[in-house]
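Asker: Dropping the sequence and predicted coords here.
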Amino acid sequence: MSYKIFHQTDIGKVRQQNEDAVAVFQGEHLALMVVADGMGGHAAGDIASMMAVERIGENFTENLVFASSDEARIWLKNVLESINTDILAYAKDKDLKKGMGTTLVIAIVAPNFVAFAHVGDSRAYLLAYGELRQITKDHTFVRKLVEQGQLSERGARIHPQKNIIINALGAGPALNFDFVVLERACVDAIMLCTDGLTGVVEDEVILDIMNQKIVVNEKVAQLITTANEYGGKDNISVCICEFDEGCASK
């Protein structure tokens with residue numbers, strides 16, 4: 001299994017601090033891509049996102065291996081529940097009345113599968129056969145309205161409450177996260193990002209950049225540059241994994 005991974009985070013053009021956190025952990029058997037978007041303001045959101053990324057790194061070892069995707073799900077469940085507990089305890093200890101929390105999206109790149117876990121509205125995308133597909137479903141108020149048939153996709157994009165998140169690490173003692181498994185045989189690239197990208201850049205523009213014949217670090221940089229050109233209203237984080245042998249080579 002051969003691939004290239006690159007990640008970058010940017011403060012954007014409006015925010016005074018970067019509450020995003022992004023990291024990649026690579027071992028002998030697999031890689032973990034992690035993107036988090038903190039909530040709660042100064043000394044809260046940035047700590048929550050960094051706490052999530054660091055705890056995942058602490059549980060990652062060079063020889064970590066999963067015999068199956070179900071084993072990966074159980075490992076993630078234990079790690080995420082521990083992170084959730086830590087964030088709640090920190091907020092209580094610091095007497096943060098408004099609380100603190102973070103979105104989180106993870107990709108596990110294993111020899112036989114790619115697995116995604118997410119909480120909140122940070123997203124995972126799949127590139128295959130030149131087409132881009134969103135893998136995750138946003139845990140937001142407007143996404144729930146769309147799924148209930150009360151709001152169109154276009155209406156969701158311009159809805160004034162589109163940023164209201166209904167699920168996040170640190171939101172409460174009971175943690176719920178989505179877990180999706182895909183066969184790796186038909187994947188050209190995967191991308192994780194925060195809504196600092198997807199909130200201002202249309203999927204069609206993202207696809208155009210992902211399909212360009214440039215190296216992966218240039219694609220990440222161009223996506224962030226484009227988000228800033230469209231206003232840079234939020235922190236922007238992008239992580240891309242490109243497979244040397246994917247659908248396009250078959």
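Answerer: Arrived safely, thanks for sending.

Asker: For Val24, list the residues it contacts.
Answerer: Val24 is in contact with Ile5, His7, Ala31, Leu32, Met33, Val34, Cys239, counting by Cβ atoms under 8 Å, 6 or more residues apart in numbering. In short, each C-beta sits where N, CA and C put it, glycine included.

Asker: Restricted to strands, list these.
Answerer: Ile5, His7, Ala31, Leu32, Met33, Val34, Cys239 (DSSP state E).

Asker: Count the neighbours of the second one for me.
Answerer: Other residues near His7 number 20, with proximity taken as other Cβ atoms under 10 Å.

Asker: That one bridge partners, please.
Answerer: Cys239 (DSSP bridges).

Asker: Okay, it and Leu169: tell me how far apart.
Answerer: 19 Å (Cβ to Cβ, to the nearest Å).

Asker: same thing with the fifth one?
Answerer: Plainly put, Met33 is 17 Å away from Leu169 if you go by Cβ to Cβ.

Asker: neighbour-wise, which of those two wins?
Answerer: Leu169 (30 against 25).

Asker: shouldn't that one be in contact with Leu175?
Answerer: Yes: when contacts are counted by Cβ atoms under 8 Å, Leu169 is listed as touching Leu175 (7.1 Å).

Asker: if I pick the most centrally placed residue in the chain, what's in contact with it?
Answerer: Nearest to the mean C-alpha position of the chain, by Cα atoms, centre = their mean, lies Val105 at 3.2 Å. Val105 makes contacts with 34-36, 116-120, 122-124, 136, 192, as judged by Cβ under 8 Å, 6+ apart.

Asker: one step back: so for Leu169 and Leu175, which residues contact both of them?
Answerer: What both Leu169 and Leu175 touch, as defined by Cβ under 8 Å, 6+ apart, is the set Leu80, Asn84, Val119.

Asker: Out of those, which is nearest to Met51?
Answerer: Taking Cβ to Cβ as the measure, Asn84 is the one of these closest to Met51, at 10.3 Å.
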